[in-house]
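>>> Mind looking at a prediction? Sequence and model below.
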Amino acid sequence: MRPDILNHGYRPGTKLMFAMIRLFSGQPLPDAAKLTFYRSDFYGNPAKEFTHEALRGPSDWSVGDRELMAAYVAKLNQSAFCIGAHTATASLAYQDGPRVTAILDDPESASIDEPLRATLRLLAKLIRDGRVDADDVREVLAAGVSPQQVKDALAVCAAFNTTSRLADAFGFELLSPKGYEAGAKYLLKRGYR
């Protein structure tokens with residue numbers, strides 16, 4: 001059963017903003033956004049800043065690469081809402097939805113550069129086993145990933161390991177394809193703040 005908490009408890013100004021977003025976008029505000037406004041001082045503001053820095057801050061990974069990592073973490077966690085949101089965003093960032101789908105389906109056989117493949121392998125191990133060790137990181141470095149890129153990928157993983165679990169715990173409502181596309185456009189234009 002979906003908790004009702006995301007539908008109540010907002011200040012009047014926040015409720016008005018939700019109504020305006022729905023009016024102008026023609027789409028309901030996704031539960032992910034609602035969660036960041038509920039007790040924003042406790043979770044929302046810090047989560048938005050961390051996620052924005054991980055996915056839009058300076059990095060040698062492209063925005064598409066980092067959105068793909070977010071979608072991959074969501075897929076490993078079997079979070080339908082986050083898979084839909086970040087597959088749409090990665091697809092729009094890369095301008096290649098079929099490629100994103102192929103990578104998410106099987107990164108080992110997909111047409112991607114070895115540094116990204118090795119990084120996805122590392123993230124999969126971290127999600128599956130709950131830890132990685134120095135040998136795992138050395139494998140990624142040997143594939144041509146810089147130490148900073150490893151840190152950047154781990155930040156994306158941390159953000160979306162948390163977000164995908166919250167999405168499932170709160171029972172985030174799935175969006176229509178049009179809703180995910182609208183969200184992807186927003187995220188690519190404005191980021192996570």
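Cool, the structure landed. Numbering: from 1, shown residues only.

>>> Which pLDDT does the model give the spatially most central residue of the chain?
Centroid-nearest residue in the chain: Ala70, 3.8 Å away (criterion: Cα atoms, centre = their mean). Reading off the confidence values, Ala70 has pLDDT 98.

>>> That one against Gly84, yeah?
No - contact criterion Cβ atoms under 8 Å: Ala70 and Gly84 do not qualify, at 11.6 Å. To be clear about C-beta, it is placed using only N, CA and C from the backbone, and glycine gets the same treatment.

>>> In the chain, spot the helix with the most residues.
Counting by DSSP state H, the longest helix found in the chain is helix 147-169.

>>> For the next helix or strand after it, list the C-alpha coordinates in PDB.
Sequence-wise, the next helix or strand downstream of helix 147-169 (DSSP states H and E) is helix 177-190. Once non-C-alpha atoms are left out, helix 177-190 reads as follows in PDB (Å, rounded to 0.1, in the frame of the first residue of the first chain):
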ATOM      1  CA  PRO A 177       6.000   8.000 -21.300                       C
ATOM      2  CA  LYS A 178       5.100  11.600 -21.900                       C
ATOM      3  CA  GLY A 179       5.600  12.300 -18.200                       C
ATOM      4  CA  TYR A 180       9.000  10.700 -18.100                       C
ATOM      5  CA  GLU A 181      10.000  12.700 -21.300                       C
ATOM      6  CA  ALA A 182       8.800  16.000 -19.700                       C
ATOM      7  CA  GLY A 183      10.800  15.100 -16.600                       C
ATOM      8  CA  ALA A 184      13.900  14.300 -18.600                       C
ATOM      9  CA  LYS A 185      13.700  17.600 -20.400                       C
ATOM     10  CA  TYR A 186      13.400  19.400 -17.100                       C
ATOM     11  CA  LEU A 187      16.300  17.600 -15.600                       C
ATOM     12  CA  LEU A 188      18.500  18.200 -18.600                       C
ATOM     13  CA  LYS A 189      17.700  21.900 -18.600                       C
ATOM     14  CA  ARG A 190      17.600  22.700 -14.800                       C
END
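
>>> Name the residues of helix 177-190 that come out as buried.
Buried positions in helix 177-190, judged by neighbour count with 16 or more other Cβ atoms under 10 Å: Gly179, Tyr180, Glu181, Ala182, Gly183, Ala184, Tyr186, Leu187, Leu188.

>>> what's the neighbour count on Asp106?
Asp106: 8 surrounding residues under other Cβ atoms under 10 Å.

>>> Also Tyr38?
Neighbours around Tyr38, by other Cβ under 10 Å: 18.

>>> Next: Asn77.
Summarising burial for Asn77: neighbours were counted as other Cβ under 10 Å, giving 17.

>>> Same question for the one 3 residues further on.
Residues lying near Ala80 (other Cβ under 10 Å) number 14.
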